[in-house]
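**Q** Dropping a prediction and its sequence here:
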Amino acid sequence: MKRFVVAAAAVCALAVAAVPAVVSAWGNTGHRLIGVAAVRALPDDLPAFLRTTAAATEVGELSREPDRWKGAGQPHDRERDTAHFVDMDDAGHIMNAQGPSIDALPNLKSEYDAALIAAGLDVNDAGYLPYAIMDGYQQLVRDFAYWRVLNAVEARETDPGKRAWYREDRLRREALILRDMGVLGHYVGDGSQPHHTTIHYNGWDRNTPNPERFTTSRQTHGLFEGAFTARVARLDLVEAGMAAPRVDAFDMKARVASYLKTTLAEVSPFYRLEKEGGFRDGDARGATFAVARLSAAAAELRDFYVAAWRASADVSIGWPAVKVAEVEAGTADPWLAMYGED
């Protein structure tokens with residue numbers, strides 16, 4: 001439970017007693033910016049309904065959703081709150097050298113839990129952010145696959161009743177796509193915040209060597225990702241810092257591991273910058289660091305969206321299963337697969 005009581009605001013600075021809160025990477029401002037920037041960067045081959053100002057705004061708002069789920073009670077909170085982080089040691093092992101490597105995670109979260117338990121580690125302290133990202137990506141592939149089928153068959157269906165149902169279901173699917181893009185965006189956003197990838201998640205871990213004498217303050221996490229980021233982050237800066245797309249030969253599991261390791265590599269630079277006063281008002285270094293992390297998340301999220309769209313062309317959906325490619329080619333009728341036989 002140690003991870004769930006990190007203070008999320010610098011209320012102590014106001015001489016007010018700190019109220020424990022669940023960590024929420026980037027706060028509202030950062031998550032909104034990541035979602036908006038990612039959608040605004042989508043290429044023209046994605047559906048037109050996504051390439052609109054309204055869609056970007058919606059995804060930005062829905063990117064906050066997993067933080068808004070918190071507080072529902074158990075088992076909901078224990079299961080979902082651990083999705084926002086993964087505590088790696090400096091070498092990329094979960095929790096410590098006995099934990100699984102981020103490069104060799106089991107395929108299933110249940111297997112991951114078992115590996116942690118076998119290593120004597122607490123499942124809830126470790127977090128399962130990699131699986132939250134992979135799950136969100138796979139869900140979006142399914143969403144896009146259904147949309148492809150609905151969009152293709154609606155345009156050529158001659159039966160008025162069936163065509164009307166296809167249209168209604170396409171609109172339902174578009175709403176679900178925006179929602180699921182937001183959820184995936186949240187976890188990808190969490191993955192760019194260095195504190196959400198490390199055992200040093202709120203001040204340097206006091207149980208590990210600290211040769212550079214980094215801060216161990218329990219205010220570190222919340223001060224950085226909340227009010228500070230809200231002050232310095234701007235959409236134009238985030239967009240300007242986004243890397244070029246990297247979607248060819250997309251390997252979901254390898255990409256997640258690479259992304260989280262890249263963020264892990266920013267943990268020590270963050271603490272060095274904090275030690276040097278880089279996050280004080282008027283020091284541009286802290287703003288540059290925060291915006292760079294937001295830009296990294298937006299670029300990664302854009303690539304996950306594009307990869308999910310591309311992957312959706314090669315799957316089967318519904319029951320009895322129908323191939324998306326065959327429906328789009330006009331060689332398969334998806335009515336039973338979509339509407340159901342009963």
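**A** That came through, no problem. Numbers count the residues shown, from 1 in each chain.

**Q** Name the next helix or strand downstream of the longest helix anywhere in the chain, please.
**A** Counting by DSSP state H, the longest helix found in the chain is helix 160-190. Following helix 160-190 in sequence order, the next helix or strand is helix 220-223 (DSSP states H and E).

**Q** Show me what that next one is packed up against.
**A** Packing contacts for helix 220-223, counted by 3 or more CB pairs under 8 Å, 6 or more residues apart in numbering; DSSP states H and E, involve no helix or strand. To be clear about C-beta, it is placed using only N, CA and C from the backbone, and glycine gets the same treatment.

**Q** Going by neighbour count, which residues of the helix or strand just after that helix are buried?
**A** Note on helix 220-223: by DSSP H and E, the next helix or strand toward the C-terminus is helix 229-232. Of the residues in helix 229-232, T229, V232 count as buried by neighbour count, 16 or more other CB atoms under 10 Å.

**Q** roughly how far out does the following helix or strand past helix 229-232 sit from the chain middle?
**A** Scanning forward in sequence from helix 229-232 by DSSP H and E, the next helix or strand is helix 235-240. Relative to the centre of its chain, helix 235-240 is centred 19 Å away, using CA atoms, centre = their mean, to the nearest Å.

**Q** what's in contact with helix 235-240?
**A** The contact list for helix 235-240 (CB atoms under 8 Å, 6 or more residues apart in numbering) reads L33, I34, V36, A37, R40, A41, V291, L294, S295, A298.

**Q** switch the cut-off to 7 Å
**A** L33, V36, A37, R40, V291, L294, S295, A298 (CB atoms under 7 Å, 6 or more residues apart in numbering).

**Q** got the buried residues for it?
**A** L235, L237, V238, E239.

**Q** where along the protein do the strands fall?
**A** Secondary structure of the chain (DSSP state E): strands located at 316-317, 322-323.

**Q** In this structure H84 contacts Q193, no?
**A** No. Using CB atoms under 7 Å, H84 makes no contact with Q193, being 9.4 Å away.

**Q** any residues in contact with both of these two?
**A** A25.

**Q** A115 contacts P106, correct?
**A** Yes. At 6.2 Å, A115 counts as touching P106 under the criterion of CB under 7 Å.

**Q** Appreciated, that's everything.
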